[in-house]
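A.B. asks: task: produce atomic coordinates for the following.
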Amino acid sequence: MTQHAARLVAACVFALPAFANAAALDQFKSFVSSTKAAKGEFVQKQVKAVGKGEAAGGTSSGTFMFARPGRFIWTYRKPYEQLLQADGQKLYIYDKDLNQVTVKQLGDALGSSPAAILFGSNDLEKNFTLKEAGARDGLEWLEATPKTKDTTFDRIGIGLKDGVPHAMELRDSFGQVSILTFNKFEKNPSIGTDQFRFVVPKGADVFQQ
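C.D. replies: A predicted model of the protein is given here:
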């Protein structure tokens, strides 16, 4: 897991048969309104646009859990261990190899980032322009474009099926693409807010930003 990939997620980082053939926007709005918490697994692949194609980059995987608004634990397990955790007020980025913690104010950081889609409030259309993007790979796709121009990503694709997101594509202005796929998604599990309280590992260096 590179520092660049971690920044992408930090700047950012899921079945009902009735929704099987519904448009992506309808599925997504239903998901957002009905999902207060979730947990599951993810695989993240970095690719770079080359000409008309895309060149494969690194792949990482791990687990996630979230409770709206602004509480989440995004854990990279392979190829390197790294943790991104938010308690609703602060974001903690823990690099296990370096035994180093970076602390940031969460504040409006979620705003127009990909993280807002999964972990933020229900008022997504305040920060994103949402539109249908057609069917592909067995999923109905929604395109979310940030309304502000100072964000890391130009556009975000969300692939849905059976009323939950199965994939996200995050594209920036430099041709970098981060593709996330979600597995073993569980909606509204019992998650206590105390689970999102970050405890600094013993001996870790802490840096405030």
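
A.B. asks: helices of this structure, start to end?
C.D. replies: For the chain, the helices defined by DSSP state H cover 3-11, 24-34, 114-119.

A.B. asks: ok, of the ones you listed, where does mean pLDDT dip lowest?
C.D. replies: Mean pLDDT is lowest for helix 3-11 among the helices of the chain, at a mean of 49.

A.B. asks: helices and strands of the chain: which one bottoms out on pLDDT?
C.D. replies: Least confident helix or strand, the chain: helix 3-11 with a mean of 49, by mean pLDDT, DSSP states H and E.

A.B. asks: please enumerate the strands of this structure.
C.D. replies: Using DSSP state E, the strands of the chain run over 37-50, 53-67, 71-78, 82-87, 90-95, 100-105, 128-136, 139-146, 153-161, 164-172, 176-187, 205-208.

A.B. asks: separation between Phe64 and Phe42?
C.D. replies: Separation of Phe64 from Phe42 (CB to CB, to the nearest Å): 6 Å. Glycine gets a C-beta too; all of them are placed from N, C-alpha and C.

A.B. asks: swap in Thr152?
C.D. replies: Distance of Thr152 to Phe42, computed by CB to CB: 18 Å.

A.B. asks: which one of the two has more residues nearby?
C.D. replies: Ranked by neighbour count (other CB atoms under 10 Å), Thr152 and Phe42 place Phe42 first, with 23 against 19.

A.B. asks: next one: the more buried one from Arg197, what distance?
C.D. replies: To Arg197, Phe42 is 22 Å away according to CB to CB.

A.B. asks: then Arg136?
C.D. replies: Distance from Arg136 to Arg197, counting by CB to CB: 40 Å.
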